[in-house]
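>>> sequence? don't have it. structure:
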């Protein structure tokens with residue numbers, strides 16, 4: 001390898017003023033083995049350039065040629081593949097990655113080391129060396145590193161040793177040399193004399209140094225004597241220290257004995273203090289005062305003071321029983337006795353509290369039950385009051401005024417025991433569950449009776465909303481069968497009405513002669529004017545339904561709030577969710593409530609109790625909704641708006657509350673009835689029949705849609721569920737469109753275009769006045785259909801009033817279409833000027849006016865009066881006639897130029913004809 005190195009230096013690099021520093025024999029990785037050499041070189045001229053040169057041996061002879069060269073500054077990464085194992089492969093990252101395999105690992109390492117040194121010294125470019133052994137990356141001396149690459153001297157020698165031995169002068173050395181050369185005038189002109197001068201001065205300095213050393217020998221001797229004296233003094237001090245140490249050892253032994261005694265005393269004091277703390281702890285936290293014990297055993301649970309004393313005593317008992325005992329406390333006999341006493345006090349007080357609250361529940365239930373009255377009684381005596389009733393209102397007054405009794409006095413009395421219920425919940429869960437079941441059972445019976453009576457009154461008020469109508473709809477008698485069905489539906493929907501069935505039947509029959517059927521439809525609305533609609537009945541129904549919801553909402557919220565506070569069920573859920581609870585019908589599983597306590601959250605417990613207590617509300621509401629829908633199908637609009645508002649309000653208060661869930665379920669029924677109402681209106685449109693002997697006019701369901709839209713817009717103003725109405729509008733208007741076309745196609749008396757024109761004009765006017773945003777497209781479509789059929793009717797009715805003249809000019813246009821020039825048409829035998837004059841003479845102004853008068857009568861016979869489109873149609877016919885007249889004049893001017901032929905009447909004459917005919921009728 002040395003011979004090759006010298007040969008390369010001589011043949012390739014010396015001619016280029018370059019010096020070869022390292023060489024490695026390589027071949028490309030993964031290809032057929034073709035050896036070449038990678039050489040690390042530097043230039044001998046400044047600035048120094050460092051390169052990596054690829055040299056290849058020629059195929060003919062032992063000559064080498066330079067194949068490729070890379071600047072070292074372009075090198076970004078050197079990858080040795082493995083820093084721990086011998087691996088001849090390595091990569092050089094220039095503009096791309098070059099993969100090489102060296103002939104030996106030693107050559108590879110030597111080459112990489114040279115690359116690292118060159119990079120550090122000349123380029124100051126920290127190339128990334130990957131997988132390279134740290135021994136190869138030796139740091140250069142700082143003096144070498146501080147030399148700028150552009151000012152470094154050439155590398156002396158031809159190998160790496162020359163690089164390691166070379167050192168440049170630093171700036172301080174250079175300044176010293178320059179100072180000496182400035183002092184000597186011949187430093188540059190006579191270098192040998194300058195060197196001799198420097199040598200002589202150096203000898204003088206060496207002699208002076210030797211003399212100075214010899215002169216200091218006396219001072220050294222003095223210093224040695226002082227050191228001997230210091231050593232003697234140290235020996236003296238050391239002897240004294242030994243004697244002091246013996247004395248201190250004796251003191252130490254005595255102090256150890258004293259310390260041992262103090263330690264034993266301290267341990268004894270510590271133990272006594274800890275024992276005192278334990279006794280004090282037990283006395284403070286496990287001792288119940290006599291007053292608390294007496295309150296738990298004999299305390300008065302009826303008076304406020306007694307209840308407060310029992311609350312304080314129960315809290316003190318809980319603190320004593322729940323105190324965190326330290327290990328070993330439970331083995332003390334006194335502690336066991338106290339715990340046994342606490343358990344007996346807890347059980348005794350829990351029994352007393354449970355019995356007392358059971359009695360309170362029974363008393364309050366009986367108290368409210370005294371006010372039960374039947375439906376006929378409150379009509380006869382609405383102001384009846386019972387002895388001993390501390391409230392100003394009775395059940396009869398509540399029912400007559402459609403209000404529910406308030407249970408706030410009951411809640412107020414029971415809330416005094418809320419803290420005791422919390423104590424019972426934490427200490428005696430079984431008794432707490434038993435009280436919960438007892439309360440739920442009593443309140444279920446109480447609320448079921450009150451709600452049942454309340455809804456009976458509401459149904460009777462709804463069924464009798466029109467009894468004061470004073471025969472306003474005497475022309476629309478109510479069928480007895482329909483009344484009977486409504487009464488039977490009212491009776492069946494609320495179950496067995498205790499003591500009120502006969503009264504209900506009498507009430508319904510007595511009002512049958514003055515009460516009309518209210519099963520409304522778009523056809524009914526279309527057959528009567530807006531003043532005939534029983535708006536008062538619907539408004540009264542709306543108020544009744546709103547009153548029902550307004551009474552139920554605070555009742556449910558107050559009861560749920562009371563249950564949460566009294567039974568302490570206000571915490572966030574911490575247990576598993578309740579299973580098998582059917583919220584849709586407001587019922588709970590048949591298993592006892594206590595079986596679920598361990599597996600449900602407290603929020604679910606509230607919902608279960610509410611479902612049990614108010615299990616009849618959803619059924620009664622659905623029954624009331626069915627009755628309202630039966631009385632008048634349009635009542636579903638009022639119910640949808642009211643129910644949506646109350647659901648929205650309840651969800652804002654508590655989305656998971658019983659009220660929100662129940663009203664949400666009922667809202668589904670109301671929405672279903674609303675959809676059924678819309679479907680019924682569409683079905684009635686499809687089944688409509690028209691008279692074959694009279695003109696159609698405005699169809700009843702078109703007028704009915706107008707009235708429905710006005711009613712719905714008034715009801716749904718600022719409603720939360722506007723989207724439901726918009727969807728219903730779309731369904732209804734599409735049905736109106738399709739059925740108008742259907743009736744128009746079936747009409748025999750009235751032309752199809754008239755039916756379409758009049759009805760779509762009415763629809764367009766209705767939608768324009770109401771400005772319903774979701775029907776904007778339908779409004780435009782109605783206008784388009786009205787315009788199209790108006791034009792079609794005008795053209796078909798007007799026909800060809802100048803029939804022969806029309807036939808003549810049609811022939812003229814046919815000749816022109818066949819290729820005859822317009823000015824040559826007059827030379828055609830059948831279309832010459834004489835034939836044109838003959839045809840024109842057949843249509844004098846008098847005949848034209850007579851024909852138009854007959855046409856006006858025909859149009860007047862077709863059109864209905866309520867839509868008032870006669871003048872609009874007549875004006876359109878005038879425009880169409882004028883258009884035909886101008887068309888004929890244009891053909892005459894183009895085909896018969898200069899002939900002087902004109903019509904027997906002018907456009908002004910035509911306008912007068914049309915005006916006089918319209919005024920005469």
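Yes, it's here. These numbers come from a predicted model, not from an experiment. Numbers count the residues shown, from 1 in each chain.
>>> right, and residue 715 touches residue 644 too?
No. In this structure, residue 715 is not within contact of residue 644 by Cβ atoms under 8 Å, at 11.3 Å. Using the backbone N, CA and C atoms, a C-beta is placed for each residue, glycine as well.
>>> show me the helices in the stretch 551-700 of the chain, by range?
Per DSSP state H, counting those that start in this stretch, the stretch 551-700 of the chain carries helices over the ranges 602-613, 617-631, 635-653, 658-686, 700-715.
>>> with the stretch 1-150 of the chain instead?
Using DSSP H, counting those that start in this stretch, helices in the stretch 1-150 of the chain cover 2-8, 105-118, 142-145.
>>> just name the most buried of those helices.
helix 105-118 (a mean of 20; mean count of other Cβ atoms under 10 Å).
>>> output the contacting helices and strands for it.
strand 18-28, strand 36-43, strand 77-79, helix 160-165 (3 or more Cβ pairs under 8 Å, 6 or more residues apart in numbering; DSSP states H and E).
>>> out of those, nearest to residue 426?
Evaluated over the helices and strands packed on helix 105-118, closeness to residue 426 peaks at strand 77-79, with 72.7 Å, by Cβ to Cβ.
>>> run the chain-centre distance for that closest one.
53 Å (Cα atoms, centre = their mean, to the nearest Å).
>>> stretch 623-631 too?
38 Å.
>>> do the same with stretch 224-235
Worked out by Cα atoms, centre = their mean, stretch 224-235 lies 94 Å from the chain centre.
>>> averaged pLDDT, it. What do you get?
Averaging pLDDT along stretch 224-235 yields 89.
>>> got it, and stretch 95-111?
90.
>>> neighbouring contacts of that stretch?
1, 22-30, 35, 38, 40, 74, 80, 86-92, 133, 136, 160 (Cβ atoms under 8 Å, 6 or more residues apart in numbering).
>>> over to stretch 415-429?
Counting by Cβ under 8 Å, 6+ apart, 301, 304, 307, 310-311, 314-315, 318, 321, 346-347, 350, 353-354, 357, 360, 431-432, 435, 562, 565-568, 597 sit against stretch 415-429.
>>> what do you get for stretch 720-729?
637, 640-641, 644-645, 648, 671, 674-675, 678, 709, 712, 716, 719, 772, 774-775.
>>> buried sites along stretch 870-888?
870, 872-874, 876-878, 880-881, 884-885, 888 (16 or more other Cβ atoms under 10 Å).
>>> looking at those, which are in helices?
Counting by DSSP state H, the buried residues of stretch 870-888 place 870, 872-874, 876-878, 880-881, 884-885, 888 in helices.
>>> ok now do residue 82, which residues does it touch?
Counting by Cβ under 8 Å, 6+ apart, residue 82 has contacts residue 131.
>>> tell me where the model's unsure across the stretch 351-500 of the chain.
Applying pLDDT under 70 to the stretch 351-500 of the chain picks out residues 369-400, 464-500.
>>> go with 80
For the stretch 351-500 of the chain, the stretches with pLDDT under 80 are 364-365, 367-401, 463-500.
>>> do a quick rundown of the helices in it.
Counting by DSSP H, counting those that start in this stretch, the helices of the stretch 351-500 of the chain are 375-380, 395-400, 408-414, 418-427, 429-463, 480-493.
>>> got the angle between the longest one and helix 635-653?
Relative orientation of helix 429-463 versus helix 635-653 (axes from the mean of the first three to the mean of the last three Cα atoms, to 10 degrees): 150 degrees.
>>> give me the buried positions along helix 429-463.
431-436, 439-440, 442-444, 446-463.
>>> from the chain's centroid, how far away is that helix?
39 Å.
>>> tilt between that helix and helix 617-631?
Using the same axes, to 10 degrees: helix 429-463 against helix 617-631 is 10 degrees.
>>> so how far is whatever helix or strand residue 273 lives in off the chain centroid?
Element membership for residue 273 (DSSP states H and E) is helix 217-285. In terms of Cα atoms, centre = their mean, the centre of helix 217-285 is set 76 Å apart from its chain centre.
>>> quick check: mean pLDDT of the helix or strand just after that helix?
Downstream of helix 217-285, the next assigned helix or strand under DSSP H and E is helix 290-298. Computed over helix 290-298, the mean pLDDT rounds to 88.
>>> by contact count, what packs against the next helix or strand after helix 290-298?
From helix 290-298 onward toward the C-terminus, using DSSP H and E, the following helix or strand is helix 304-321. Packing partners of helix 304-321 (3+ Cβ pairs under 8 Å, 6+ apart): helix 290-298, helix 333-369, helix 418-427.
>>> can you list the buried residues in helix 304-321?
307, 309-314, 316-318, 320-321.
>>> format the residues you listed as CSV; extra columns: pLDDT and distance to residue 748.
As requested, those are exported to CSV (pLDDT from 0 to 100; distance: Cβ to Cβ, whole Å):
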residue, pLDDT, distance to residue 748
307, 90, 88
309, 90, 95
310, 91, 91
311, 91, 89
312, 91, 94
313, 90, 96
314, 89, 91
316, 87, 97
317, 88, 96
318, 86, 92
320, 86, 100
321, 85, 96
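>>> and which of those residues is nearest residue 858?
Checking the buried residues of helix 304-321 one by one against residue 858 (Cβ to Cβ), the nearest turns out to be residue 307, at 95.2 Å.
>>> count of residues packed around the nearest residue to the closest one once chain neighbours are set aside?
Of all residues not flanking residue 307 in the chain, residue 416 sits nearest, at 5.4 Å (Cβ to Cβ, 6 or more residues apart in numbering). When neighbours are defined as other Cβ atoms under 10 Å, residue 416 has 17 of them.
>>> same deal with residue 426?
13.
>>> before we move on, the earlier item: residue 845: which of the helices and strands packed on helix 105-118 is closest?
Of the helices and strands packed on helix 105-118, nearest to residue 845 by Cβ to Cβ is strand 77-79, at 108.3 Å.
>>> may I ask which two of the buried residues of stretch 870-888 are separated the most?
Applying Cβ to Cβ across these, the maximum distance is between 870 and 888, 27.1 Å.
>>> quick one: pLDDT of the residue located most distally from the centre of the chain?
Among the C-alpha atoms of the chain, the one most distant from their mean position (Cα atoms, centre = their mean) is that of residue 218, at 100.5 Å. Looking at residue 218, its pLDDT reads 77.
>>> and it, how far from residue 209?
Residue 218 is 18 Å from residue 209, where distance means Cβ to Cβ, to the nearest Å.
>>> element containing the closest residue to residue 903 other than its chain neighbours, please.
Of all residues not flanking residue 903 in the chain, residue 840 sits nearest, at 6.2 Å (Cβ to Cβ, 6+ apart). Per DSSP H and E: residue 840 is located in helix 833-841.
>>> buried residues, that helix. List them.
836, 840.
>>> next: stretch 48-61.
Applying 16+ other Cβ under 10 Å to stretch 48-61 flags 48-55 as buried.
>>> rounded mean pLDDT for it, please.
Per-residue scores along stretch 48-61 average to 85.
>>> might you list the low-confidence residue ranges for the stretch 51-200 of the chain?
Ranges of the stretch 51-200 of the chain meeting pLDDT under 80: 59-62, 122-127, 136-174, 176, 178, 180-192.
>>> what segments of it are strands?
All strands of the stretch 51-200 of the chain, identified by DSSP state E, counting those that start in this stretch, fall at 64-71, 77-79, 89-93, 97-102, 128-130.
>>> partner strands of the second one and their direction?
Same thing as strand 77-79. When pairing is defined by DSSP bridges, strand 77-79 lines up against strand 89-93 (antiparallel), strand 128-130 (parallel).
>>> about what we covered before: how about the helices and strands packed on helix 105-118, which one is nearest residue 866?
strand 77-79 (95.4 Å).
>>> out of the strands of the stretch 51-200 of the chain, the one nearest residue 696 is which?
Taking the strands of the stretch 51-200 of the chain one by one with Cβ to Cβ, strand 97-102 is closest: 91.4 Å.
>>> tell me the buried residues in that closest one?
98, 100-102.
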